[in-house]
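> next comes the sequence, and after it the predicted model I'd like to discuss.
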There are 2 protein chains.
Amino acid sequence: MAKRIDAWGSEAITNYEHVFKEFGLKKFPEAIAKELKHRFFERGIVIAHRDFEKVSNCIKTKKPFINMTGIAASGTYHLGHKVDIDLFKFFKDNGAKNLFAVCDLDAYCSREKVQTLDAAKKIAVSNIADALALGLEEQDIYLQSKKPARYYTLAFEVSKKITSATNKAIYGEIDLGKVGANILQYADILHGQLPEFYGKMPSVTGIGLDQDPHARATRDIAKRLPYSLETPSFIYFKHESGLMEGSKMSSSNPDTAIFLNDSPKEVERKIKKAFTGGRNTLEEHRKLGGVLKVDKVYEMLLFHYPNSKELAKIADEFSIGKMLSREMKEIAIEFFQGFLKEHQRKAKEAMPIAQKIVFS
Amino acid sequence: MAKRIDAWGSEAITNYEHVFKEFGLKKFPEAIAKELKHRFFERGIVIAHRDFEKVSNCIKTKKPFINMTGIAASGTYHLGHKVDIDLFKFFKDNGAKNLFAVCDLDAYCSREKVQTLDAAKKIAVSNIADALALGLEEQDIYLQSKKPARYYTLAFEVSKKITSATNKAIYGEIDLGKVGANILQYADILHGQLPEFYGKMPSVTGIGLDQDPHARATRDIAKRLPYSLETPSFIYFKHESGLMEGSKMSSSNPDTAIFLNDSPKEVERKIKKAFTGGRNTLEEHRKLGGVLKVDKVYEMLLFHYPNSKELAKIADEFSIGKMLSREMKEIAIEFFQGFLKEHQRKAKEAMPIAQKIVFS
């Protein structure tokens, strides 16, 4: 018999129980999630946090806080990056001091395929145009390689606050370029609190669960630097997987993700190819219902489809076998094609500002 | 019988034979040493080099070259630092493009005793005043923590060009602060050749023999960066030892060195206490002569006393037993007291510029 499940119920979160136990992360509090009124919180996409209460108090009491996110400028943004930027936009809209890092230097340091800093800067232009199209403004964004000296001096100060033993415990034996990239990331998260930037205040950064060791190190460094910084807060996303079974969204395999510059045809092709929770035969599907929790198309909608009521209906109908995979794919194709058409128009419009941020 | 020796003969250099064999360093060519007309070259204080011909050709043909030296801002300068600065001044006077790095950030990163970046900056002020008093000018000097972004981005680019294996082979297992300091030093030596600074040209940096692994790494990195830089040249000083037997000049033991802010009384006390090559009894000294090569007072004069003719006479008279240690000490006390009095006057005068370089 087909079993009804919540559209964004507790089932998926159960898979994450071990991270709460293992790492001392806290489950994202339901009461706060309700207050925040955003699909990421309502749908359990943000599932955990460290010290987020500090930031939600700032939002409530209209006190300043820093909204910090960084993305390596190593390739075209895909829907996974849109999640980071949508969350950033949410905090921006809630009164944050914004720091959106376009990490050209970090990408160059840590990634073999980015062979020169200039190559990273060229990627940065298209990344910034995408970020602007997703609702960020020029003043929210910085290019890592164009910061004032104080940012870099903090990065070097940070290097003094990590022993090689700690570094090895977190990252294993890594090349110095990767060490450099990590140190830049610590500085990205912490520099906003220096008096030369926004000054001491709570800060929030959204990351994947796999980045928690890095978050813990950042919090530790914040305490060890001689500036009595607020320990930065982190919130943790559920992992958004790739379009094929068992895959990760990845720039190196374009079929695993929808990129923000994909054509309508590409969108259609990729979604049609995506792994679903549909049954082997129509008869079976009608009888047993679709398996929502493995359905990649549904996952895309869960992360990106704005209308929660409609999404709940899709979830319901698919899980009781009333909606077929093909039908859900049609909804997704129409939605993402429409979204990307508008997005690409905006991104094109934003190119001159993006060029200016990188090259002026 | 007393044995006459050259004031700055080959004897001391013999001790360094192994470094030529072991590291592939070249002996500093006598012909070039003669042309350069400076006590460091005439007296064999600069004993080895890598690719110095490139720089001496620039001097001869009046082509541009970079003169780069850096000193960690970790304490008051002593006579050992004066050697670095005197050499720097020599190349400055020979038409170089100058880069004198006052390494506040590097000192903070790598030295436990420098507990904040602000503490390093305070030290930097007195260091810069000393450098100015020794003949450098404001435009020759930069504070590491106040460079434009391009300097720091190069430092991070450098990090990509060293594997952790190479790093470990050169330095052993070191903390990340020390890695950071090394990376800054590579950037110090190389950044002058970027188009944003002086542009591609030969460069020279004077270092101690013990720093050769660092020099080799820098040369290797220059080749691996995507900027087709000139491989930097290095010249190598003989080690100037401390005032006491077997000691190294060190800020942590003030009696091992004469500091540029020492009072006349301190100078007298330290020189009187210094280890000499004088014999145990007057009779023995007259008969066998002093042992010049272990005499710390003579070593100080060799490195700093400007008049080569007078110095040769001192060497001669001491080594044949005509001059006593006490007498050589009197000459040294008078010389260094006189030098420091004038130096300290100039350094005091230079303080406002030094303050400006660090804090404006």
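Arrived safely.
> for chain A, which helix is longest?
Secondary structure of chain A per DSSP state H: the longest helix is helix A:325-359.
> chain center to that helix: distance?
17 Å (C-alpha atoms, centre = their mean, to the nearest Å).
> counting contacts, what elements does that helix pack onto?
helix A:117-133, strand A:141-143, helix A:264-273, helix A:296-304, helix A:308-319 (3 or more C-beta pairs under 8 Å, 6 or more residues apart in numbering or on different chains; DSSP states H and E). Bear in mind the C-beta positions are built from the backbone N, C-alpha and C, glycine included.
> now it: buried residues?
A:325, A:328-329, A:331-333, A:335-337, A:339-340, A:343-344, A:347, A:350, A:353-354, A:357-358 (16 or more other C-beta atoms under 10 Å in any protein chain shown).
> ok, stretch A:74-93 next?
For stretch A:74-93, by 16+ other C-beta under 10 Å, it's A:74-92.
> what's the spacing between the most centrally placed residue in chain A and chain B?
The centroid of chain A falls nearest to residue A:84 when counting by C-alpha atoms, centre = their mean (2.8 Å). Shown here: residue A:84 relative to chain B, a distance of 22 Å by C-beta to the nearest C-beta, to the nearest Å.
> for that residue, what are its contacts?
When contacts are counted by C-beta atoms under 8 Å, 6 or more residues apart in numbering or on different chains, residue A:84 touches A:69, A:71, A:206.
> out of those, who's nearest chain B?
residue A:71 (17.2 Å; C-beta to the nearest C-beta).
> domain-wise, how is chain A divided?
A:10-243, A:254-346 (automatic domain parsing).
> now do the longest one, average pLDDT.
Per-residue pLDDT values over domain A:10-243 give a mean of 93.
> the longest helix of chain A vs helix A:296-304, what angle?
50 degrees (axes from the mean of the first three to the mean of the last three C-alpha atoms, to 10 degrees).
> residue A:111: how many residues sit nearby?
Using other C-beta atoms under 10 Å in any protein chain shown, residue A:111 is surrounded by 18 other residues.
> what residues does the stretch 1-150 of chain A put near chain B?
Within the stretch 1-150 of chain A, the positions near chain B by C-beta under 8 Å from any C-beta of the partner chain are A:105, A:108, A:109, A:110, A:115, A:116, A:117, A:145, A:146, A:147, A:148, A:149.
> and the contacts of the strand or helix carrying the third one?
Element membership for residue A:109 (DSSP states H and E) is helix A:104-110. Taking contacts as C-beta under 8 Å, 6+ apart, the residues outside helix A:104-110 that touch it are A:70, A:72-74, A:114, A:116-117, A:119-121, A:123-124, A:143-145, A:177-178, A:180-181, A:184-185, A:358, B:153, B:156-157, B:159-160.
> for residue A:179, which three-state class applies?
Three-state call for residue A:179 (DSSP: H, G, I helix; E, B strand; the rest coil): helix.
> one more: residue A:101?
strand.
> ok, residue A:236 next?
strand.
> so who does it touch?
So residue A:236 contacts A:25, A:28, A:46, A:47, A:48, A:49, A:206, A:207, A:208, A:209, A:212 (C-beta under 8 Å, 6+ apart).
> mind listing the helices for the stretch 151-300 of chain A?
Remark: helices assigned in the stretch 151-300 of chain A by DSSP state H, counting those that start in this stretch are A:164-171, A:176-190, A:212-224, A:264-273, A:282-288, A:296-304.
> tabulate the ones you listed (TSV), appending distance to chain B.
Below are the helices of the stretch 151-300 of chain A laid out as TSV (distance: least, C-beta to the nearest C-beta, whole Å):
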stretch	distance to chain B
helix A:164-171	5
helix A:176-190	3
helix A:212-224	11
helix A:264-273	33
helix A:282-288	51
helix A:296-304	33
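> residue B:276: which of those helices is closest?
helix A:164-171 (43.6 Å; C-beta to C-beta).
> and stretch A:211-221, how far out from the chain middle?
Worked out by C-alpha atoms, centre = their mean, stretch A:211-221 lies 17 Å from the chain centre.
> oh, I was asking about stretch A:147-160
Counting by C-alpha atoms, centre = their mean, stretch A:147-160 comes out at 25 Å from the chain centroid.
> for it, list every residue counted as buried.
Buried-residue list, stretch A:147-160, by 16+ other C-beta under 10 Å: A:147, A:149-160.
> and if you look at stretch A:56-75?
Of all the residues in stretch A:56-75, those buried under the rule 16+ other C-beta under 10 Å are A:56, A:58-59, A:65-75.
> what do you get for stretch A:263-275?
A:266, A:267, A:268, A:270, A:271, A:274, A:275.
> can you tell me the SS state at the closest residue to residue A:32 other than its chain neighbours?
Excluding the flanking residues, the one nearest residue A:32 by C-beta to C-beta, 6 or more residues apart in numbering or on different chains is residue A:56, at 5.1 Å. Under three-state DSSP, residue A:56 falls in the helix class.
> one step back: most packed of the helices of the stretch 151-300 of chain A?
helix A:176-190 (a mean of 25; mean count of other C-beta atoms under 10 Å in any protein chain shown).
> neighbours of the residue of the stretch 201-350 of chain A found nearest chain B, how many?
Going by C-beta to the nearest C-beta, chain B is nearest to residue A:226 of the stretch 201-350 of chain A, at 5.1 Å. Using other C-beta under 10 Å, residue A:226 has 12 neighbouring residues.
> thought it was touching residue B:116?
Yes: the criterion here is C-beta atoms under 8 Å, and residue A:226 meets it with residue B:116 at 5.1 Å.
> which of the helices of the stretch 151-300 of chain A sits closest to residue B:128?
That would be helix A:176-190 among the helices of the stretch 151-300 of chain A, by C-beta to C-beta, at 26.4 Å.
> how big is the angle separating that closest one from helix B:176-190?
110 degrees.
> tilt between helix A:176-190 and helix A:164-171?
Going by the same axes, to 10 degrees, helix A:176-190 makes 90 degrees with helix A:164-171.
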